[in-house]
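S.K.: model this:
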Amino acid sequence: MEKIRIEFTLFSAFYSPLIATFAGGFLKEEGLEADWTVSPPGVSAIAALEQGKADVIQSTLSRGFGALDGNEKPSEVHFAQINEMDGFFLTARDADADFDWKKLEGADVVMFGAGQPLVMFKYACHKAGIDFDKINAITPGGAAAIDTAFRDGQGQYVQQQGPFPQQLQADGVGHVVAQVGKQIGPCGFSSLAALPEWLETDMARAFMRAYRKTRVWMNETPAAEIARAEKPYFPDTDEAVLADCIATYQKLGCWTPHVEITQPAYEAMLDIFEYAGGLRRRYDYDQVCALPPSG
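M.R.: You can find the predicted model right below:
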């Protein structure tokens, strides 16, 4: 069986459409075996592509924006959608059926201090009509550090991707009060990327056949069944919690049945990064994206 090298920038249930290509056996059906890794903290998975250590990576369109802002042509091409919505949640210490984003002003919020999670959160605050600068941001580091900080008593709210918030809720530590994705709306949040020459290979075509089947499975299969298949990859998460997280993402609609990165999703990401002031100009779709290989 031929090995396909996959690297994740972040590994969470939010990226289940990629995880399930191997957890659900779809790559195996195409004669491929996943050799997967997660990028070290602070290192982009794009480096693995450039160094010849990965064939396909979990990434984001904003990586292409960053290269172009630096007057460089991106080495990678983004060829398929993973999530078409932001997948972060806001969790509060106490249940709050009447939560309003205005409550974040003046509150202590444990959150990401840089990168796309921060850009997206600022845009969500803008859409909610609140002043981000009035939030007392606590930024201890990456996902694990953020979770530990909130569990240790820091913050009134915390920004996290699933399944961290669902596990907090199951442990009685917090209560999910909002989904950032609902505040922002559809956008090309995360994507699959590869070197242009890899997209011309038989492996790329086999991968896409598996990925298309996976996305159908993600939308038509009960969350409990998906969680059962993925549980070995989440040893520290209760299976029921993982199922709850997956069901929430299914309802959110971030795992669209189509695989291509659409023009509207691309334009939405330009809007978001333009608002954040991190975009020199609006780049053309084909400077960052390409259509996925046909099967």
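S.K.: what is the neighbour count of the closest residue to residue 224 other than its chain neighbours?
M.R.: Spatially, and ignoring its direct neighbours in sequence, residue 224 is nearest to residue 243 (4.6 Å; CB to CB, 6 or more residues apart in numbering). All C-beta atoms are positioned from the backbone trio N, CA, C, and that covers glycine. Number of residues near residue 243 (other CB atoms under 10 Å) recorded here: 23.
S.K.: how about the helices in the stretch 151-295 of the chain?
M.R.: 164-170, 180-184, 202-220, 223-230, 239-252, 263-275 (DSSP state H, counting those that start in this stretch).
S.K.: deepest in the core, which of these is it.
M.R.: helix 164-170 (a mean of 22; mean count of other CB atoms under 10 Å).
S.K.: who are the packing partners of it?
M.R.: On a contact count with 3 or more CB pairs under 8 Å, 6 or more residues apart in numbering; DSSP states H and E, helix 164-170 meets strand 88-92, helix 143-151, strand 157-161, strand 175-179, helix 239-252.
S.K.: one more pass at 7 Å, please.
M.R.: Packing partners of helix 164-170 (3 or more CB pairs under 7 Å, 6 or more residues apart in numbering; DSSP states H and E): strand 88-92, strand 175-179, helix 239-252.
S.K.: what is the second one packed up against?
M.R.: Translated: strand 175-179. Counting by 3+ CB pairs under 7 Å, 6+ apart, strand 175-179 packs on strand 88-92, helix 164-170.
S.K.: residue 156: which of the ones you listed is closest?
M.R.: Nearest to residue 156, of all those, is strand 88-92, at 6.6 Å by CB to CB.
S.K.: for that closest one, C-alpha coordinates in CSV please.
M.R.: Extracted C-alpha coordinates of strand 88-92, given in CSV (Å, rounded to 0.1, in the frame of the first residue of the first chain):
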residue,chain,number,x,y,z
PHE,A,88,-14.4,28.2,17.5
PHE,A,89,-16.7,28.3,20.5
LEU,A,90,-17.1,30.7,23.4
THR,A,91,-17.4,28.9,26.8
ALA,A,92,-18.4,30.7,30.0
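S.K.: that one: how far from the chain's middle?
M.R.: Its chain's average C-alpha position is 15 Å from that of strand 88-92, according to CA atoms, centre = their mean, to the nearest Å.
S.K.: continuing past it, what's the next helix or strand?
M.R.: Next in sequence after strand 88-92, counting helices and strands by DSSP states H and E, comes strand 108-110.
S.K.: domain parsing for this structure?
M.R.: 2-85+187-287, 88-184 (automatic domain parsing).
S.K.: reformat those domains as TSV; add distance to residue 293.
M.R.: TSV is the format used below for the domains of the chain (distance: least, CB to CB, whole Å):
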stretch	distance to residue 293
domain 2-85+187-287	5
domain 88-184	26
